[in-house]
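>>> build me a structure from this.
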Amino acid sequence: MSADDLVEKTVAELANLLDGGEVSSVELVEAYLGRTQRLNPSLNAYITVCGDEALEVARRCDANLAKGAARGSLHGIPVAVKDQMHMRGVRTTGGSFLDVIPRED
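Residues are numbered from 1 along each chain as shown. A predicted model of the protein is given here:
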């Protein structure tokens, strides 16, 4: 399945693909990161993209899935977090009025 096909799927469809071993969390993250790299220069939808961190979490999710240790319905599904939520070590701007790197979540 192509990256373009993956990013058009619903969360439920992606979860089924993950559960069935048809796709990995790493493949999903790579598909979404690729789309972000292509479209963000014109859309400017993301201020901060944590690609390396997302890939590391995806590898851990895949390892858990291989052991049958899924942790919930979104396990392995990439998500975006609004830039108003403090995440330790990740620049937070609140859309523009703030510019901090929080020490805690």
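
>>> how about the helices in this protein?
Using DSSP state H, the helices of the chain run over 3-6, 11-19, 25-43, 51-66.

>>> and the third one, what's buried?
Of the residues in helix 25-43, those buried by neighbour count under the rule 16 or more other Cβ atoms under 10 Å are 25-33, 36. To be clear about C-beta, it is placed using only N, CA and C from the backbone, and glycine gets the same treatment.

>>> I'd like the helices of the chain as a markdown table, with mean pLDDT appended.
Formatted as a markdown table, these follow (pLDDT from 0 to 100):
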| stretch | mean pLDDT |
| --- | --- |
| helix 3-6 | 94 |
| helix 11-19 | 95 |
| helix 25-43 | 97 |
| helix 51-66 | 96 |
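
>>> what is the burial count for the nearest residue to residue 48 once chain neighbours are set aside?
Excluding the flanking residues, the one nearest residue 48 by Cβ to Cβ, 6 or more residues apart in numbering is residue 91, at 5.0 Å. When neighbours are counted by other Cβ atoms under 10 Å, residue 91 registers 14.

>>> how much space between residue 91 and residue 43?
Distance of residue 91 to residue 43, given as Cβ to Cβ, to the nearest Å: 19 Å.

>>> now swap in residue 74 and tell me
24 Å.

>>> quick one: end-to-end distance for stretch 70-84.
Using Cα to Cα, to the nearest Å, the end-to-end distance of stretch 70-84 comes to 28 Å.

>>> which residues touch that stretch?
Residues outside stretch 70-84 that contact it (Cβ atoms under 8 Å, 6 or more residues apart in numbering): 11, 14-15, 18-19, 24-25, 28-29, 32, 46-48, 54, 58, 61-62, 64-65, 87, 92-95.

>>> ok, now stretch 87-101?
47-48, 50, 81, 83-86, 102-105.

>>> drop anything exposed from those residues.
50, 83, 86.

>>> counting neighbours, what do you get for residue 99?
Neighbour count for residue 99, taken as other Cβ under 10 Å: 10.

>>> distance of it from residue 92?
The gap separating residue 99 from residue 92 is 8 Å, by Cβ to Cβ.
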